[in-house]
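Asker: model the structure of this input:
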Amino acid sequence: RIALPDKMGGEGCLPASLNLSTLSTGIPLQKTDNRERQSKSVWRQRATFVICCLMGMLSAAKAEGALQRWHSDLNRALAEAKELNKPLIVHFYADWCGPCKKMDRDVLYSKGLLRQLGTRFVGLKLNSDYNKQLADRLGIRSLPSDVFVHPDGWVMQKSSGSKNMRGYFSQLAQIESKFK
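Answerer: Predicted structure coming up:
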């Protein structure tokens, strides 16, 4: 028997066969050897790597989210334009429109334009096939077309036809100068 202090401050007795290493947790405590330490070290390295990867993915997703600044909801886009006091670009397109697809690829999702959305402009892309009433009301007759709207809701300028990067940025500079 091994004498241990009991809760009352006196000595209690436990059988010698009782393994003291399991008393507090019920899990046997063992000495760790080098292989076990190395295994824990490898596990920590892997866990750190996974955490770093997840953080990288989250920051990339956040950056991607920041870059995906083309709204698809008119009311949300108008509210954001008003809140930020920035002009709204309403870009009309259609899925079947070849020049629209080219402009999408070459201009609308360029890093330069995406950086401006949310900082200098608010962007809204609307498929004219699903927003026919609004397109008619704004006088959209060809695609792609852009309508530049003041944050207070009045039309500043309209343009139609596909534009390259230089032409589109030139147009944005004109709108920005009118806005200030």
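
Asker: ok, residue 100 - how many residues close by?
Answerer: For residue 100, the tally of surrounding residues (other Cβ atoms under 10 Å) stands at 22. Any C-beta I mention is one placed from the backbone N, CA and C, and that applies to glycine too.

Asker: show me what contacts it?
Answerer: 93, 94, 143, 144, 162 (Cβ atoms under 8 Å, 6 or more residues apart in numbering).

Asker: under the pLDDT cut-off, which ranges of the chain? List them.
Answerer: For the chain, applying pLDDT under 70 flags the ranges 1-39, 47, 50, 52-68.

Asker: tell me who's in contact with the closest residue in space to residue 103 that isn't next to it in sequence.
Answerer: Once flanking residues are discounted, residue 103 sits nearest to residue 162: 4.9 Å by Cβ to Cβ, 6 or more residues apart in numbering. Under the criterion of Cβ under 8 Å, 6+ apart, the contact list for residue 162 reads 99, 100, 102, 103, 144.

Asker: that older thread, biggest separation within the contacts of residue 100, which pair?
Answerer: Pairwise distances across these (Cβ to Cβ) peak at 12.6 Å, for the pair 94 and 162.

Asker: residue 97 against residue 143, yeah?
Answerer: Yes. The criterion here is Cβ atoms under 8 Å, and residue 97 meets it with residue 143 at 4.7 Å.

Asker: more crowded one of these two?
Answerer: Set residue 97 next to residue 143 and count neighbours by other Cβ under 10 Å: residue 143 wins out with 22 against 19.

Asker: quick one, what contacts the more buried one?
Answerer: By Cβ under 8 Å, 6+ apart, residue 143 lies in contact with 92, 93, 94, 97, 99, 100, 128, 160.

Asker: what does stretch 121-132 rub up against?
Answerer: Residues from elsewhere that reach stretch 121-132, judged by Cβ under 8 Å, 6+ apart: 69-74, 77, 80-81, 84, 86-95, 108, 117, 134-135, 140, 143, 145, 172, 175-176.
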